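Peer 1: Any chance you can model this:
(one chain, ligands or ions: 1)
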Amino acid sequence: MTQTISIALVGLGNVGRRVIQLLLDKEADLRERYGLSFRVVAAADSSGAAVAAGEGAPKFGMGRKSEGLDLREILRAKESRQGVATLPRRGRAGMSAREMLERVEAGALLDMSPTNLADGAPGLPAVEAAIERGMHVVLANKGPLVLAYPKLAEAARKRQTRLAFSAAVAGGLPTVNLGRRDLAGSRIERIEGVLNGTTNFILTSMAESGMSYADALAEAQARGVAEVNPALDVEGYDAAVKLLILAHAALDYHVTLDEVERVGITGVTMDDLTRARAGGKAIKLLCLAEREGERWRLSVKPAALPLAHPLAQLNPHQMGIIYHSDINGIITAAIQEENPMPTAAAVLRDLINLYWPA
Ligand SMILES: NC(=O)c1ccc[n+]([C@@H]2O[C@H](COP(=O)([O-])OP(=O)(O)OC[C@H]3O[C@@H](n4cnc5c(N)ncnc54)[C@H](OP(=O)(O)O)[C@@H]3O)[C@@H](O)[C@H]2O)c1
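Peer 2: Alright, predicted model coming up:
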């Protein structure tokens, strides 16, 4: 039997559009393998929102249900650089994501809006509204997790909804699930990670093929894996944010971003990289969580790793993580992530895992 679940989307950019494409491409697979069918009843971008017929109005007709939005129509609009607010009949110009969520009946929100570390908008108010309404939330957006993880986790616990955010920490690389789910029962002793794709691309391309810093950054941006604001990547904010989310989720250690020591890659020169290479080392922007008694030291900074270290071997398109544990040994994972598709895939896996096994 197929379970049909209504979902709402916020953010229809690199990640959001790919999630829509996956919902279309994998529709039969989702039904056959997992018994799941997802119906998108609302979607928001910077233009406003689109709300499916039958949503947001007093119930009309006996038991009539919304049919959901036409996903191909949304993709066509986005491909021609139009906002969802322009969709005939369904578009609502200027409607905020929060207002949209207050009008629809949906089981889950997928937040794929821009990471905003100042006040979290539009993701944070949308996530809060979704939890208040008893919806599960899947996030690729890191902002709400950085600004309000303990509060959101508590609100979700009270409303008996779930927060899933494996896409927020290194996209498709299993970082959150490894630490939270797969190491259940173990004591995590240390986490090492190369969690920012853009800086790894820049450092590795400079070291291995002599590419200039500016060219490497431009290429990462062109592929859609870099943050729109490059400072977030090259000054280490994105990596620090990911480490902080892992601290919350996997270490149950709740601190703020100020408590993550952060040094970016802007001070790393071609000379540094060449010298490291000549000495059998590779410079990576290393995220580290180290135990200090009952506390953790969290840091992000360039580190020269011996070439035998698994993270030193990552190619320009990879990210990786190592968990050191007491009874599960050392687990290393790496991913080849050349575009935002694995992040969209991570949103999909979180969504499936909310409902399957039913
Ligand atoms: N790209 C990756 O590989 C990757 C990996 C991991 C995590 N993430 C995270 O995933 C999120 C999405 O990334 P992305 O690359 O898809 O970003 P993006 O291409 O910039 O897309 C952002 C989307 O959010 C929409 N938006 C902007 N302001 C809005 C508002 N006020 N209300 C509703 N929607 C609004 C934009 O609307 P318009 O379409 O109208 O501009 C756009 O559709 C970010 O938080 C990012 O940090 C991305």
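
Peer 1: Go through the chain and flag its longest helix.
Peer 2: The helix spanning the most residues in the chain, taking DSSP state H as the definition, is helix 143-159.

Peer 1: is whichever helix or strand comes after that one anywhere near the ligand?
Peer 2: Later in the chain than helix 143-159, the nearest helix or strand by DSSP states H and E is strand 163-164. No. Shown here: strand 163-164 not in contact with the ligand (CB under 6 Å from any ligand atom), separated by at least 13.4 Å. To be clear about C-beta, it is placed using only N, CA and C from the backbone, and glycine gets the same treatment.

Peer 1: Run through who's touching strand 163-164.
Peer 2: His136, Val137, Val138, Leu139, Leu152, Ala153, Ala156, Asp350, Leu351, Asn353, Leu354 (CB atoms under 8 Å, 6 or more residues apart in numbering).

Peer 1: In a markdown table: those, plus pLDDT, secondary structure and distance to Gly264.
Peer 2: As requested, the contacts of strand 163-164 are exported to a markdown table (pLDDT from 0 to 100; DSSP: H, G, I helix; E, B strand; the rest coil; distance: CB to CB, whole Å):
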| residue | pLDDT | secondary structure | distance to Gly264 |
| --- | --- | --- | --- |
| His136 | 98 | strand | 35 |
| Val137 | 98 | strand | 30 |
| Val138 | 98 | strand | 29 |
| Leu139 | 98 | strand | 24 |
| Leu152 | 98 | helix | 28 |
| Ala153 | 98 | helix | 29 |
| Ala156 | 98 | helix | 33 |
| Asp350 | 98 | helix | 29 |
| Leu351 | 98 | helix | 33 |
| Asn353 | 97 | helix | 34 |
| Leu354 | 97 | helix | 35 |
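
Peer 1: Show the secondary-structure elements that the longest helix of the chain is packed against.
Peer 2: Applying 3 or more CB pairs under 8 Å, 6 or more residues apart in numbering; DSSP states H and E, one finds that helix 143-159 contacts helix 123-132, strand 136-139, strand 163-164, helix 237-251.

Peer 1: ranking the ones you listed by burial, who's on top?
Peer 2: strand 136-139 (a mean of 28; mean count of other CB atoms under 10 Å).

Peer 1: Alpha carbons of that one, as CSV, please.
Peer 2: Only the C-alpha atoms of strand 136-139 are listed here, as CSV (Å, rounded to 0.1, in the frame of the first residue of the first chain):
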residue,chain,number,x,y,z
HIS,A,136,8.7,17.1,10.4
VAL,A,137,11.5,19.2,9.0
VAL,A,138,14.3,18.3,6.7
LEU,A,139,17.1,20.9,6.3
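
Peer 1: Give me the distance between it and the centre of its chain.
Peer 2: 11 Å (CA atoms, centre = their mean, to the nearest Å).

Peer 1: mind starting the numbering at 870 from now?
Peer 2: Understood, numbering begins at 870; the last thing we discussed is strand 1005-1008.

Peer 1: do that strand and the ligand meet?
Peer 2: No. Strand 1005-1008 does not reach the ligand (CB under 6 Å from any ligand atom); its nearest approach is 8.1 Å.

Peer 1: So what touches that strand?
Peer 2: Contacts for strand 1005-1008 (CB under 8 Å, 6+ apart): 976-980, 992, 996, 999-1000, 1014, 1021, 1025, 1030-1034, 1036-1037, 1216, 1219-1220, 1223.

Peer 1: That one: partners in the sheet, and parallel or antiparallel?
Peer 2: The pairing partners recorded for strand 1005-1008 under DSSP bridges are strand 977-980 (parallel), strand 1032-1033 (parallel).

Peer 1: what's the nearest residue to Asp1195 if we skip its chain neighbours?
Peer 2: Arg1056 (4.3 Å; CB to CB, 6 or more residues apart in numbering).

Peer 1: coming back round to it: include distance to Gly1148 and mean pLDDT when you put the strands paired with strand 1005-1008 into a markdown table, please.
Peer 2: Compiled in a markdown table, those are given as follows (distance: least, CB to CB, whole Å; pLDDT from 0 to 100):
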| stretch | distance to Gly1148 | mean pLDDT |
| --- | --- | --- |
| strand 977-980 | 44 | 98 |
| strand 1032-1033 | 42 | 98 |
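
Peer 1: buried stuff in stretch 1026-1045?
Peer 2: Within stretch 1026-1045, the residues scored as buried using 16 or more other CB atoms under 10 Å are 1030-1045.

Peer 1: Run the chain-centre distance for it.
Peer 2: That offset, for stretch 1026-1045, works out to 8 Å (CA atoms, centre = their mean).

Peer 1: now do the same end-to-end measure for it.
Peer 2: Distance between the two ends of stretch 1026-1045: 18 Å, counting by CA to CA, to the nearest Å.

Peer 1: got the helices and strands packed on helix 1012-1028 as a markdown table, with distance to Phe907 columns?
Peer 2: A markdown table is the format used below for the helices and strands packed on helix 1012-1028 (distance: least, CB to CB, whole Å):
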| stretch | distance to Phe907 |
| --- | --- |
| helix 992-1001 | 16 |
| strand 1005-1008 | 11 |
| strand 1032-1033 | 14 |
| helix 1106-1120 | 24 |
